[in-house]
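> Below are the sequence and a predicted model for it; my questions follow.
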Amino acid sequence: MTVKPDGTKRTPEAELRSLINRFDPKEQKVFRSVRAAVRKRFPRFIRVDAAGQLGHPDVEALIGAAIDHATVPLPAKGKGKLIIQSSASKRRPRRKSTK
């Protein structure tokens with residue numbers, strides 16, 4: 001959770017909503033429809049307080065079941081890729097400093 005300027009905490013859901021609202025309406029619709037589809041398909045969640053909890057037999061069984069039901073198989077080796085795209089190209093350019 002992040003803290004708002006007035007000192008109150010913002011929930012993760014509120015943070016996500018704020019992030020989604022920064023995009024164009026067409027992209028917002030895509031985000032929301034994908035989230036709804038994922039929630040419908042995988043309604044369970046796991047609250048993780050420590051990385052060690054991922055090794056619990058129940059959690060491993062849940063992850064295994066999700067992998068078995070996936071339509072796109074996970075790679076057997078490797079780490080995969082993390083892709084974070086910046087939306088900086090859509091923003092206004094920063095003002096030049098007046099020195």
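Thanks, I have the structure now.
> Quick check: closest non-adjacent residue to residue 48.
By the measure of CB to CB, 6 or more residues apart in numbering, the closest residue to residue 48 outside its immediate chain neighbours is residue 54, 6.7 Å from it. Placement of C-beta: from N, CA and C, glycine included.
> In contact with residue 46: list those residues for me.
Taking CB atoms under 8 Å, 6 or more residues apart in numbering, we find residue 46 in contact with 53, 59, 62.
> Using the record's assignment, carve this structure into domains.
Each domain of the chain is listed here as a residue range: 1-41, 44-73, per automatic domain parsing.
> Any chance of those in a markdown table with distance to residue 96 and mean pLDDT as columns?
Formatted as a markdown table, the entries for the domains of the chain read as follows, by distance: least, CB to CB, whole Å; pLDDT from 0 to 100:
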| stretch | distance to residue 96 | mean pLDDT |
| --- | --- | --- |
| domain 1-41 | 24 | 81 |
| domain 44-73 | 45 | 82 |
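> What about the contacts of residue 46, which one has the most neighbours?
By neighbour count, taken as other CB atoms under 10 Å, the most surrounded of those turns out to be residue 62 (15 neighbours).
> roughly how far is the helix or strand harbouring it from the heart of the chain?
Here residue 62 sits within helix 57-69, counting by DSSP states H and E. Its chain's C-alpha centre lies 20 Å from the corresponding centre of helix 57-69 when counted by CA atoms, centre = their mean, to the nearest Å.
> Need the residues that contact it.
Applying CB under 8 Å, 6+ apart, the set of residues contacting helix 57-69 is 42, 44, 46, 53, 54, 74.
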